[in-house]
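Asker: Coordinates for the following, if possible.
(chains A and B)
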Amino acid sequence: MSKVEKPEENLNKQEGRRRAIEINLLDVITEDSKGLWEKMSDKGKKLATNFLESIYKMPGINRVAAKMAIAFNQKWADFYEKKAAKYKDRVEARNQQINAIEEAKKQIDETITYLKQENMPGITSLQLQLKKLDKEKEKILDKKEKLELKFQKNEKERNLFVEKRNNIAERLIGYYDEKLRPLEDCINQIHSEKAELDKLINQTEARHNERLLFLEEQRRRKMAIEQQLRRVGYSDRKIRNVVKYLEKYLKDGYAQIEKEKEQLKKKSFEIEEKLVKVEMKADPYKKKREEFIRVRERKQIEFTKEGKKEEKVEKSIDSEKTEENPDVEKGFKLAVKEIIKQWNEYLEENHLNKFLIEPDNFCKKVKVKETTLVDVKDDIAKFKADLENYYQEIGQDFKNFSQEIDHFVELISKEK
Amino acid sequence: MAQNTQNNKDPKELEKELEEITQKVKEMLVEDKKDTEKTVEEIKEIEQNIDKNIKKIDEIITDLDEMDKKAETELDELILQSAESLMEEGEE
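Answerer: Okay, the predicted model is just below:
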């Protein structure tokens, strides 16, 4: 696998870069997939790296959604379509060759007929040519058959890929549906328990107030009696002696109430903290399900429908151009800066000013350039995920983010 | 007015009244202790229910994490296998 031993300096540099990419990617793929990675060719690894490199900057929690987004990405379709188109072109070229041979054979047949009619020589050599052309045709037909098989294999693989991908997505979403319901139930149950606790705290507080009033009343009565006793000649020492138990009980009563108040406060805080923690823990999973669904809804791959093939081929050529020169702007692309500007305008219009974004800060946090072009159709899911992560990272709880961003995307898509 | 009433009482009566008050406060303390114990028990029960639910949530999250990991591995394999097969196709 390693090519580091090669003496040429530039080759070493290339190898170094390749190894760096490989190391990064090994952080991204799961432990169980590493065996497969080791067996891959360098070219395969390079292609996989191209697909997976956007995940380097994704926080862990969204990684599976990001991988799903990659599997649903148009790039895959483009690759498959490009291959399919290539084989289709080659099959057509063979068809043309066969037609040309048929045409030549027809002409030779006509010449043979003419020579026969005129009783002229040369028929045998022409017949030999016919035989040669038949052999040639046979060879081309063989090649054509092989190409058709490759074309079909490619289509089959594409279908298999999409089927597997859809199965994973459906299974994951189904599993989340199945598990999130009891999770929500548990959270609701915790809220009910918390409400029960609040009720208990209020009742206890009322009891405390009632008893504090009682203690206060008894304290006042004690003071009045003390004065009376003083007036009839009791010494301070004697008074202290007769009220010592009462004083102790009063002190204990106040202390007991105070202690219970403190304990309740502490308990209430602890339970509140538990509740916040568990909600924070569960929240990303609720969002993840939505993200999986958003990715799944972006189905873009069309399969094996003869009528659609030409359209798809054009699309793949277009995307090939863009891959060669990323600065070439397709009809549907906007710079990150422009999208943020429009998003801020949208937020202002909808009175959501507290979610306004500072472009510099956003780009720094999600590690994108302001000038990076985002395809409104193909890359927007990734941009949405970046935006969601950004709000999470800066601690802003954007409750209806999903609906708002979808609405925003719909608007900018229409504008274009 | 209570003070005027007390003005007429002799010291023995006053001491007796003090004893009564002491007794009342003592009873209140006992009662309050019982109430506190009851409240503590109720809070304990609430907390146990909350912890039970938190445990359930943790179990669900563990299941979801496992499912995520499984799906992630499958997606990795799908992406890697497809990248490899595309390259193989290209080389042919």
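Asker: and residue A:398, that's in a helix?
Answerer: No - when DSSP: H, G, I helix; E, B strand; the rest coil is applied, residue A:398 is found to be coil, with no helix at that position.
Asker: Any idea how many residues pack against it?
Answerer: Burial of residue A:398 is recorded as 17 neighbouring residues (other Cβ atoms under 10 Å in any protein chain shown). The way it works is simple: take the backbone N, C-alpha and C, and place the C-beta from them, glycine included.
Asker: doesn't residue A:391 make contact with it?
Answerer: Yes - shown here, residue A:398 and residue A:391 form a contact pair, counting by Cβ atoms under 8 Å, at 4.7 Å.
Asker: Give the residues shared as contacts by these two.
Answerer: residue A:355 (Cβ atoms under 8 Å, 6 or more residues apart in numbering or on different chains).
Asker: in chain A, which helix has the most residues?
Answerer: Secondary structure of chain A per DSSP state H: the longest helix is helix A:123-231.
Asker: packing partners for the helix or strand just after that one?
Answerer: Counting by DSSP states H and E, the next helix or strand C-terminal to helix A:123-231 is helix A:236-297. Counting contacts by 3 or more Cβ pairs under 8 Å, 6 or more residues apart in numbering or on different chains; DSSP states H and E, helix A:236-297 packs against helix A:63-71, helix A:123-231, helix A:380-393, helix A:401-415, helix B:11-91.
Asker: pLDDT below threshold where in the stretch 301-416 of chain A?
Answerer: Scanning the stretch 301-416 of chain A for pLDDT under 70 picks out A:301-332, A:377-378, A:399, A:414-416.
Asker: Just say which of the helices and strands packed on helix A:236-297 is most tucked in.
Answerer: Compared across those, helix A:63-71 shows the largest average neighbour count, a mean of 25 (mean count of other Cβ atoms under 10 Å in any protein chain shown).
Asker: For whichever helix or strand comes after that helix, name the packing helices and strands.
Answerer: Remark: after helix A:63-71, the chain's next helix or strand is helix A:74-118, criterion DSSP H and E. Judged by 3+ Cβ pairs under 8 Å, 6+ apart, helix A:74-118 is in contact with helix A:123-231, helix A:306-324, helix B:11-91.
Asker: Distance from the longest one to the middle of the chain?
Answerer: By that I understand helix A:123-231. 12 Å (Cα atoms, centre = their mean, to the nearest Å).
Asker: what about that helix, near chain B?
Answerer: Yes - Helix A:123-231 lies within reach of chain B by Cβ under 8 Å from any Cβ of the partner chain, at A:150, A:154, A:157, A:161, A:164-165, A:168, A:171-172, A:175-176, A:179, A:182-183, A:186-187, A:189-190, A:193-194, A:196-197, A:200, A:204, A:207, A:211, A:214-215, A:218, A:221-222, A:224-225, A:227-229.
Asker: which one of the helices and strands packed on helix A:74-118 lies closest to residue A:281?
Answerer: helix B:11-91 (6.4 Å; Cβ to Cβ).
Asker: what angle separates the closest one from helix A:63-71?
Answerer: 30 degrees (axes from the mean of the first three to the mean of the last three Cα atoms, to 10 degrees).
Asker: Quick one: mean pLDDT over helix B:11-91.
Answerer: Regarding helix B:11-91, the rounded mean pLDDT is 91.
Asker: Now do that helix against helix A:74-118, angle only.
Answerer: Going by the same axes, to 10 degrees, helix B:11-91 makes 20 degrees with helix A:74-118.
Asker: on contacts alone, who are the packing partners of helix B:11-91?
Answerer: Secondary-structure packing of helix B:11-91 (3+ Cβ pairs under 8 Å, 6+ apart): helix A:34-39, helix A:42-52, helix A:63-71, helix A:74-118, helix A:123-231, helix A:236-297.
Asker: roughly how far is that helix from the heart of the chain?
Answerer: With Cα atoms, centre = their mean, you get 6 Å for helix B:11-91.
Asker: same question, stretch A:376-386
Answerer: Remark: stretch A:376-386 is offset 9 Å from the chain centroid, using Cα atoms, centre = their mean.
Asker: That stretch vs chain B: in contact?
Answerer: No - with Cβ under 8 Å from any Cβ as the criterion, chain B is not reached by stretch A:376-386; the gap is at least 14.7 Å.
Asker: picking that back up, and residue A:94, which of the helices and strands packed on helix A:74-118 is closest to it?
Answerer: Closest among the helices and strands packed on helix A:74-118, using Cβ to Cβ: helix A:123-231, at 3.9 Å.
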